[in-house]
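In: Have a look at this prediction, sequence included:
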Amino acid sequence: MLPTQDSYGNIPGYGIFWVLFLAALGIFLYRGAQLFRYLRLGRKVERFDQPWQRLQRMLGHVLLQRCALRRLSSKDLSGFGHAILFWGFCLFLGNYILYLFIGGGLGMARVIENWPFTYYFNYILDFAGIGILAALIWAAARRYIVTPARLEANVEAAVILAMIFILMVTHFFLEGLRLNAEQGASFSTTPMREAMASFFTGLGMGPALQRVLYRAGWWFHYLMILGFMVYLLHSKHLHILASPFNLLFHPVRRVGSFSADDPDSPEAMPDRDIGLLNWKQLLDLYSCTECGRCQVHCPATEAGTPLRPKDMVLNLKRYLLQEGDRLLQAPAAAGGPHPPNIVGPVVAEEELWACTTCGRCQEECPVIVEHIDRITSLRRAVTERGSVPASIARCLESLHLLGNPWEHPPGERTNWLSNLPAPPARKEQEVEVLYWVGCSGAYDPKGQEISRALLEILKAAGVTYAVIGAGEKCCGEPARRLGEEGLFQKLAGENISTLKQLQFARIVTQCPHCYNTLRHEYREVGGEFEVIHHTTFLADLIAKGRVATRGLERRVTFQDPCYLGRYNAIYEDARTILRAVPNLQFVEMSGARDQAGCCGGGGGQMWMEGLSGQRINYLRFAKVEETGAQILATACPFCKIMLDDACHYRELTGEVRVQDIAELVQSSLVTPR
């Protein structure tokens, strides 16, 4: 007989069961509604397109545990333990719904136990329970005995681990007690049930005592389940329920490809910093698993800057949960004091400016928390207040007045073209390639070397091409990443107007930042063009035989640009080019492809001065030295500038040469076939 079928005084067990459940459910729903209301503080953003694609991706990440297993390695098996806990949790959730609520709460236990399915499911539960116990012991040892730098030995984690452990132990105890207490009853058994029954019999307990223990243990187990449900939404394990929705509403676009908010969104709330975040960025805060992967792989954190991605998320989460009700009520408090800004008290400005927007944090995050969009949105709060550092102010002013961040007059944009054949783009003449030079390629001496090499390759390959010339302006990427969204919109609009007047098959650019912006972000503001990066274009020319190279006996390694790799998943084209050069010995750097380290030039860092911490480019160049390479090949002007500076700092210019892929191909005597 199940404990719910008994009466306790004059109160039926079923009554106690459902009163407790409804009380716990009420607390759970109240907290859920409260958390949902807090999301209203964020601005609108469209995340409901392509529903089936979103659902498929979310189910793949969650049910198959791709989110946990994608970084599985011999040095870090935590993802495997997490997957065991999740799959075991799902099985026990099904068990509680079927046997506890339907069987025990509705009195259908005997019916369910006679199903053929029940026999096999009980066996599966035994294995799942043992797996969960093993994973819990390992997780506790890993968090509290051998603690990785990215984890914290906090009390909340201990409470959750203890609750799950108690649930598993009491589950097995109850199975054994019930088998002895209901001798002669017809329900399926398993070796684990029989072992536990023998254990209690061996202790000298009679059936009557075991029946008492079974009933007491059953109600304790039930209260633990309800307590776990209530505690879940008040603990760090809120992510168990929030992260599937976070994955569902993650943008279909690539990591970090920033998107503006809904233009029809209402004005920001009185706390304008929170109001500059959208509801999905607030949902991110609930979804954080506190695994610390973002933090341990952040180049700014490694360099010793104040930026700690995980800490920033948790600080914002604490603020939202503590102040959410007051912020929601603030509009009704006419004439009352406005809530404080969060940039300053909650998130330091120096944290925001330290970010290179490399995307490594989002690449490592198992639930794809959108760190970069949030940081860029909060930078907008600072730029709107006009309290940006002087170097950033100069960069933004130069972008506004001169159309480039390098503080050069627009008339000097074509100075690098002296003695080079570069026909100007025309409205009436279509060309195979419109070469987008970019500001670095036009103004910086290192970038100009790339531009000259690429033009010589285009000429050697017989490609018809043209350049915009003085009419080309900055694509606006630095403005958007630095938080000046209006300036981005202005520059993008002017460039789109120029491009729509020209005839060309495709745009080719050597700058991944320009590539990402022109290809993806211009689409949001009315400019859709075919854009390819110069590594993709060069690889295609070599494959088609339009370019040939002679042998080059050198040892070479390659720096994956963040905006080409993690942002756009283009990893093979540069490696294809390097392998096509005869006698070139290619060696991978430590941390390559999607795990590549940042050069430190992105997110406006190229123009920032006076930031604390070590130089990120120096840290990255140390990985180059480990390879013993004679050539460091790059595919981004920022990477070349930053790592060449590190090479000079290390006084290794005689041993290591920093060259763009285009320069390397050109120097190996590119010739037409």
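Out: Arrived safely, thanks for sending.
In: doesn't Leu632 make contact with Thr557?
Out: Yes - counting by CB atoms under 8 Å, Leu632 is a contact partner of Thr557 at 6.0 Å. All C-beta spots, glycine's among them, are computed from the backbone N, C-alpha and C.
In: overlap in contacts of those two?
Out: Counting by CB atoms under 8 Å, 6 or more residues apart in numbering, the residues touching both Thr557 and Leu632 are Val624.
In: which of these two has more neighbours?
Out: Leu632 (27 against 24; other CB atoms under 10 Å).
In: so who does the spatially closest residue to Glu412 that is not a sequence neighbour touch?
Out: Leaving aside its sequence neighbours, Glu412 sits nearest to Tyr443 (CB to CB, 6 or more residues apart in numbering; 7.0 Å). Contact partners of Tyr443, counting by CB under 8 Å, 6+ apart, are 404, 406, 408, 412-413.
In: Please apply the same query to Cys636.
Out: Neighbours of Cys636 in contact, by CB under 8 Å, 6+ apart: 510-513, 559, 561, 563-564, 599, 660.
In: could you redo the last one with a cut-off of 7 Å?
Out: 511-512, 561, 564 (CB atoms under 7 Å, 6 or more residues apart in numbering).
In: Highest neighbour count among those?
Out: Pro561 (32 neighbours).
In: Can you read off the pLDDT for that one?
Out: pLDDT recorded at Pro561 is 97.
In: Identify the residue spatially nearest to it, adjacent ones excluded.
Out: Nearest to Pro561 is Cys636, by CB to CB, 6+ apart, at 3.6 Å.
In: what residue ranges in the stretch 401-550 of the chain score low on pLDDT?
Out: Judged against pLDDT under 70, the stretch 401-550 of the chain has no low-scoring part.
In: Which residue ranges of it form strands?
Out: Applying DSSP state E, counting those that start in this stretch to the stretch 401-550 of the chain gives strands spanning 431-436, 465-467, 504-509, 531-533.
In: Columns mean neighbour count and distance to Cys365 on top of those, output as JSON lines?
Out: As requested, the strands of the stretch 401-550 of the chain are exported to JSON lines (neighbours: other CB atoms under 10 Å; distance: least, CB to CB, whole Å):
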{"stretch": "strand 431-436", "mean neighbour count": "21", "distance to Cys365": "32"}
{"stretch": "strand 465-467", "mean neighbour count": "21", "distance to Cys365": "40"}
{"stretch": "strand 504-509", "mean neighbour count": "20", "distance to Cys365": "29"}
{"stretch": "strand 531-533", "mean neighbour count": "22", "distance to Cys365": "25"}
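In: Distance from the chain centre to stretch 151-168, please.
Out: 26 Å (CA atoms, centre = their mean, to the nearest Å).
In: just use 56 as the starting number from now, easier for me
Out: Okay, using 56 as the starting number, the last item reads as stretch 206-223.
In: Residues touching that stretch, excluding its own?
Out: 184, 187-188, 191, 194-195, 198-199, 202, 276, 279-280, 283, 290-292, 347.
In: Now tell me which helix or strand of this structure has the poorest mean pLDDT.
Out: helix 327-330 (a mean of 66; mean pLDDT, DSSP states H and E).
In: Leu475 contacts Leu510, doesn't it?
Out: Yes - Leu475 is within contact range of Leu510, at 5.5 Å (criterion: CB atoms under 7 Å).
In: neighbour count winner among those two?
Out: Leu510 (22 against 13).
In: which ones are touching that one?
Out: By CB under 7 Å, 6+ apart, the neighbours of Leu510 are 475, 477.
In: Kindly recompute the last result at 6 Å.
Out: Residues near Leu510 by CB atoms under 6 Å, 6 or more residues apart in numbering: Leu475.
In: swap in Ile686?
Out: 609, 611, 712, 714.
In: And Met113, by the same measure?
Out: Contacts of Met113 (CB under 6 Å, 6+ apart): 299, 302-303.
In: If we use 10 Å, what do you get?
Out: 122, 298-305 (CB atoms under 10 Å, 6 or more residues apart in numbering).
In: Also Thr553?
Out: 480, 523, 526-528.
In: Could you check how many residues crowd around Phe76?
Out: For Phe76, using other CB under 10 Å, the count is 17.
In: wait, Phe182
Out: Neighbours of Phe182 (other CB under 10 Å): 13.
In: Do I have it right that it meets Tyr175?
Out: No - if you go by CB atoms under 10 Å, Phe182 and Tyr175 don't touch, sitting 11.2 Å apart.
In: Common neighbours of these two, please.
Out: With CB under 10 Å, 6+ apart, Phe182 and Tyr175 have common neighbours Thr245.
In: so Ala647 sits right up against Gln614, yeah?
Out: Yes - applying CB under 10 Å as the test, Ala647 and Gln614 come out as touching, 8.7 Å apart.
In: Of the contacts of Met113, which is the most crowded?
Out: Ser298 leads the contacts of Met113 on contacts (other CB under 10 Å) with 25 neighbours.
In: Show me what the helix or strand hosting that one is packed against.
Out: Secondary-structure assignment from DSSP states H and E places Ser298 in helix 294-303. Helices and strands touching helix 294-303, by 3 or more CB pairs under 10 Å, 6 or more residues apart in numbering; DSSP states H and E, are helix 68-94, helix 106-118, helix 121-124, helix 262-287, helix 334-342.
In: deepest of those helices, which one?
Out: When these are scored by mean count of other CB atoms under 10 Å, the highest mean neighbour count falls to helix 334-342 (a mean of 25).
In: Show me what it is packed against.
Out: Against helix 334-342 (3+ CB pairs under 10 Å, 6+ apart) you get helix 68-94, helix 294-303, helix 364-384, helix 426-440.
In: Just give me how far the first one sits from the chain centre.
Out: If I follow you right, that is helix 68-94. 32 Å.
In: pLDDT below threshold where in the chain?
Out: 56, 127-130, 238-243, 307-328, 330, 385-395, 724-728.
In: Quickly list the domain ranges of it.
Out: Per automatic domain parsing, the domain ranges recorded for the chain read 111-302, 304-440, 460-595, 597-722.
In: Could you save these as JSON lines and add columns showing distance to Gly64?
Out: Below are the domains of the chain laid out as JSON lines (distance: least, CB to CB, whole Å):
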{"stretch": "domain 111-302", "distance to Gly64": "14"}
{"stretch": "domain 304-440", "distance to Gly64": "40"}
{"stretch": "domain 460-595", "distance to Gly64": "66"}
{"stretch": "domain 597-722", "distance to Gly64": "63"}
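In: The ones you listed: which one's closest to Glu101?
Out: domain 304-440 (6.0 Å; CB to CB).
In: can you give me the end-to-end distance of that closest one?
Out: End-to-end distance of domain 304-440 (CA to CA, to the nearest Å): 31 Å.
In: ok, Leu362 to Trp408 distance?
Out: Going from Leu362 to Trp408 by CB to CB, to the nearest Å gives 9 Å.
In: biggest helix in this structure, by residue count?
Out: helix 171-199 (DSSP state H).
In: for that helix, packing partners?
Out: By 3+ CB pairs under 10 Å, 6+ apart, helix 171-199 packs against helix 133-150, helix 164-168, helix 210-236, helix 246-257.
In: then stretch 600-616 to CSV, C-alphas only?
Out: C-alpha atoms of stretch 600-616 as CSV (Å, rounded to 0.1, in the frame of the first residue of the first chain):
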residue,chain,number,x,y,z
GLY,A,600,45.2,27.6,-61.7
ARG,A,601,45.0,31.3,-62.2
VAL,A,602,47.9,31.7,-59.7
ALA,A,603,51.0,29.6,-59.3
THR,A,604,53.7,29.7,-56.6
ARG,A,605,57.3,28.6,-56.5
GLY,A,606,58.9,26.8,-53.5
LEU,A,607,59.6,28.6,-50.3
GLU,A,608,61.7,26.7,-47.8
ARG,A,609,60.4,28.2,-44.5
ARG,A,610,58.7,27.0,-41.4
VAL,A,611,55.4,28.9,-41.1
THR,A,612,52.5,29.1,-38.6
PHE,A,613,49.2,30.8,-38.9
GLN,A,614,47.2,33.2,-36.7
ASP,A,615,43.4,32.6,-37.0
PRO,A,616,41.7,36.0,-37.0
